[in-house]
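Predicted coordinates and the sequence they were generated for:
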Amino acid sequence: MTSLVTGASGFLGGHVVEALCNRGEKVVILARKTSNVSAIEDLPIEIRYGDLRDLESVKQAAKGVDHIYHCAGAVRYVVPYDELYQANVLSTLNVVIAGAETGVGRIVHASSLGVTGPEGRVSLGNFRAYSASQSDKYCRSKTEAEMMFFKECAKEGIEGVALRPGVIYGPRDNTASIHWFRIVDSGKVVYIGDGLTRFPLIYIDDLTKVFLVAGEKKGIEGCAYNLDGPEEVSLRSIYEQISKELGKNITPAFVTYRFSHLVARLSEFRTALGGYKKEPGLSKFVVELFGKDHEKIECAKAKEDLGFKPVTGLAEGVRRTAEWYRNLDVQH
């Protein structure tokens, strides 16, 4: 079995590559020549250079491949929509077209819980359940990408499966995890409201396992699955667990949801004035994610079809991530 992994230089893609190699599969990755693949460079992988926005280079990368794990995508919230469209929608379309032309049997697409669409079997008839006109740019791009993914897979005769995780954390996560650890390290912990609003969180190893199952399970083509961790978590529970691991005493500040939203709008405005060169310190998306209460995702369909059983609780997940974080300090 030969698998192509996109986004292999990133957090999720890198872990999927590692898991596939550990299982003894031949792994090909598509990467730009400027991509940092240091986390996986010692693994027995073949690197094919190209850009997901360039269809021809995706076709070259997909030659001789049985499965594709499409883990690439832009997780940005304050950029012109065209940038997200190129990274999340067009790149996904190119993966499906390239897969069809090179004889790929199945594509596992990394979607998001931010997608508003039906769980389970997805068909042209139930696309109306999607809500792609959302004001949030990131969720809109992921929704449009998933709709297009299923439509094109059905058209091309490819077995398409979409996995929708919540917030992912764990070792080598240079977005959420490292941000949380650095905040605790700095002692500048701030909660929106009381900090107890819930949001979906899944540990990387639990997610990687279900990606591999989705790549080989029969009869699940055309299905989308919601994925969440085993516990209800909040930003307060995360920071308290991290502070325990790092031996830090934190004295948090508390701000209202309304004030946080105002700060986010001002921060986004400054980012726009600066040409969107980097994400703002606070965005409206982040305020809504951590400031609004989200009901626990039960993931019944994933458990039934994929045997999904997340086992890594917050305490264990933070402990493992802390080991990685401490090693970063040693290296630098």
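It's in.

which ones are touching residue 109?
Listed by Cβ atoms under 8 Å, 6 or more residues apart in numbering, the contact partners of residue 109 are 70, 92, 145, 146, 149, 160, 161, 162, 163. C-beta coordinates here come from the backbone N, C-alpha and C atoms, glycine included.

if you set the cut-off to 7 Å instead, what comes out?
If you count contacts by Cβ atoms under 7 Å, 6 or more residues apart in numbering, residue 109 has them with 70, 92, 146, 149, 160, 161, 162.

go on, residue 193?
Taking Cβ under 7 Å, 6+ apart, we find residue 193 in contact with 256, 257, 291.

run the last query once more with 10 Å
234-236, 254-258, 260, 290-293 (Cβ atoms under 10 Å, 6 or more residues apart in numbering).

buried subset of the contacts of residue 109?
Buried members of the contacts of residue 109, scored by 16 or more other Cβ atoms under 10 Å, are 70, 92, 146, 149, 160, 161, 162.

re earlier: please tabulate the contacts of residue 193 in JSON lines, including the columns secondary structure, neighbour count and distance to residue 174.
Compiled in JSON lines, these are given as follows (DSSP: H, G, I helix; E, B strand; the rest coil; neighbours: other Cβ atoms under 10 Å; distance: Cβ to Cβ, whole Å):
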{"residue": "234", "secondary structure": "strand", "neighbour count": "21", "distance to residue 174": "22"}
{"residue": "235", "secondary structure": "helix", "neighbour count": "25", "distance to residue 174": "19"}
{"residue": "236", "secondary structure": "helix", "neighbour count": "17", "distance to residue 174": "23"}
{"residue": "254", "secondary structure": "strand", "neighbour count": "11", "distance to residue 174": "28"}
{"residue": "255", "secondary structure": "strand", "neighbour count": "15", "distance to residue 174": "26"}
{"residue": "256", "secondary structure": "coil", "neighbour count": "11", "distance to residue 174": "30"}
{"residue": "257", "secondary structure": "helix", "neighbour count": "15", "distance to residue 174": "27"}
{"residue": "258", "secondary structure": "helix", "neighbour count": "12", "distance to residue 174": "31"}
{"residue": "260", "secondary structure": "helix", "neighbour count": "21", "distance to residue 174": "24"}
{"residue": "290", "secondary structure": "helix", "neighbour count": "22", "distance to residue 174": "19"}
{"residue": "291", "secondary structure": "helix", "neighbour count": "22", "distance to residue 174": "23"}
{"residue": "292", "secondary structure": "coil", "neighbour count": "13", "distance to residue 174": "25"}
{"residue": "293", "secondary structure": "coil", "neighbour count": "10", "distance to residue 174": "27"}
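
the strands in the stretch 151-300 of the chain, which residues?
159-165, 167-169, 190-192, 198-199, 201-203, 223-227, 233-234, 253-255 (DSSP state E, counting those that start in this stretch).

quick one: which of the ones you listed is nearest residue 300?
The minimum distance between residue 300 and the strands of the stretch 151-300 of the chain falls on strand 223-227, with 8.8 Å, by Cβ to Cβ.

Put the alpha carbons of that closest one into PDB.
Extracted in PDB, the C-alpha atoms of strand 223-227 (Å, rounded to 0.1, in the frame of the first residue of the first chain):
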ATOM      1  CA  CYS A 223     -19.500   9.700   4.900                       C
ATOM      2  CA  ALA A 224     -18.500  12.600   7.200                       C
ATOM      3  CA  TYR A 225     -17.700  12.000  10.900                       C
ATOM      4  CA  ASN A 226     -17.600  14.400  13.800                       C
ATOM      5  CA  LEU A 227     -14.700  13.700  16.200                       C
END
